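>>> The following block contains a protein sequence and its predicted model.
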Amino acid sequence: MTFPTDSKLLYKAIVKLITAGRSWGIQLRQSYVRVGKRAAIKASRYAHAKQYKRMRKELRKLRTYMGRLIRDTQRKAAMIDEELATLLSRADRVRQQQPKDSHKLYSLHEPEVQCFSKGKAHKRYEFGQKVSIATTNGDNWIVASRLMENNPYDGHTLAETLAAVKSVTRSTITDAYVDQGCRGHDYTGSAEVPVAGQRHKGSSRTERRRRRRRRRSNRKSDI
């Protein structure tokens, strides 16, 4: 997903509220689409120019437009069903949240999206959900994938991923090659868990080749 700036989320919520109001036949006092778009563009430009006082002024305008739309929709809607109530709740959450709040809402259509701090200079943050994928070591066949909610540590997802592989393939796992993100894992099963980058004396030529291949791969675990 794209980087969820406050101005973008506020304007998107305005557009979604207008669309929902029209589908319900609600005659709103004002749509705020034109002035909201102008405020969102100005906020983006002021942020780029590091004129943060002006940027915050435009964000206050967007929050004001949002509050008026929410109250107008609640007054004029004859009956609010679950879908409209969910949209109103998420829009009000976007309106009230502040830049430094925890557990912010980053997406209106997918509220489970979380912020991941990657520690990379070129892309410090990423937004989405963590997924653990297991592939075969030889041919890159994906044999299991699991959604890991609440951003757990990579090493704590290994046991669940290997259990999923065993359930899908119905075979015994002997070796699970993982990347360095799984150092300090809590897996206690019978499979060996070689971590990429670790040296092991006395390993066979086939084992060294498998380790080198895992070091070039970007997947969570190879079976």
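It's in.
>>> Residue 99: what secondary structure?
Per DSSP: H, G, I helix; E, B strand; the rest coil, the local secondary structure of residue 99 is coil.
>>> per-residue confidence averaged over the lengthiest helix in the chain?
Ordering each helix of the chain by length in residues (DSSP state H) puts helix 52-76 first. In this model, helix 52-76 has a mean pLDDT of 95.
>>> Give the other helices and strands that it contacts.
Helix 52-76 sits against helix 6-23, helix 33-48, helix 82-96, with contacts defined as 3 or more C-beta pairs under 8 Å, 6 or more residues apart in numbering; DSSP states H and E. C-beta coordinates here come from the backbone N, C-alpha and C atoms, glycine included.
>>> In the sheet, which residues pair with the most centrally placed residue in the chain? Tell me.
For the chain, the residue lying nearest the average C-alpha position, counting by C-alpha atoms, centre = their mean, turns out to be residue 128 (1.5 Å). Beta-bridge partners for residue 128, by DSSP bridges, are residue 114.
>>> if I read this right, it contacts residue 113, doesn't it?
Yes: in this structure residue 128 lies within contact range of residue 113 using C-beta atoms under 8 Å: 6.0 Å.
>>> So residue 58 versus residue 29, what's the distance?
Distance, residue 58 to residue 29, by C-beta to C-beta, to the nearest Å: 22 Å.
>>> So between these two, which is more surrounded?
Using other C-beta atoms under 10 Å, the more surrounded residue of residue 58 and residue 29 is residue 58, with 22 against 11.
>>> Neighbours of the residue nearest to that one when sequence neighbours are not counted, how many?
Using C-beta to C-beta, 6 or more residues apart in numbering and skipping the chain neighbours, the partner closest in space to residue 58 is residue 43 (3.9 Å). Here the number of neighbours of residue 43 (other C-beta under 10 Å) works out to 25.
>>> Please give me every residue in contact with residue 89.
With C-beta atoms under 8 Å, 6 or more residues apart in numbering as the criterion, no residue contacts residue 89.
>>> before we move on, the earlier item: can the helices and strands packed on helix 52-76 go into TSV with extra columns for mean pLDDT and distance to residue 66?
Converted to TSV, the helices and strands packed on helix 52-76 look like this (pLDDT from 0 to 100; distance: least, C-beta to C-beta, whole Å):
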stretch	mean pLDDT	distance to residue 66
helix 6-23	93	6
helix 33-48	95	8
helix 82-96	93	4
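>>> Buried deepest among these, which one?
Looking across the helices and strands packed on helix 52-76 with neighbours counted as mean count of other C-beta atoms under 10 Å, the highest average goes to helix 6-23: a mean of 19.
>>> Can you name the residues in contact with it?
Helix 6-23 is touched from outside by 2, 28, 31-33, 36-37, 39-40, 43-44, 47, 58-59, 62-63, 65-66, 69-70, 73, 83-84, 87-88, 90-91, 94-95, 99, 105-106, 108, with contacts defined as C-beta under 8 Å, 6+ apart.
>>> repeat that for 6 Å
The contact list for helix 6-23, computed with C-beta atoms under 6 Å, 6 or more residues apart in numbering, reads 28, 31-32, 36, 40, 43-44, 59, 62, 66, 69, 73, 84, 87, 91, 94.
>>> Closest to residue 187 out of those?
Top of the list for closeness to residue 187, among the contacts of helix 6-23 and by C-beta to C-beta, is residue 94 at 39.3 Å.
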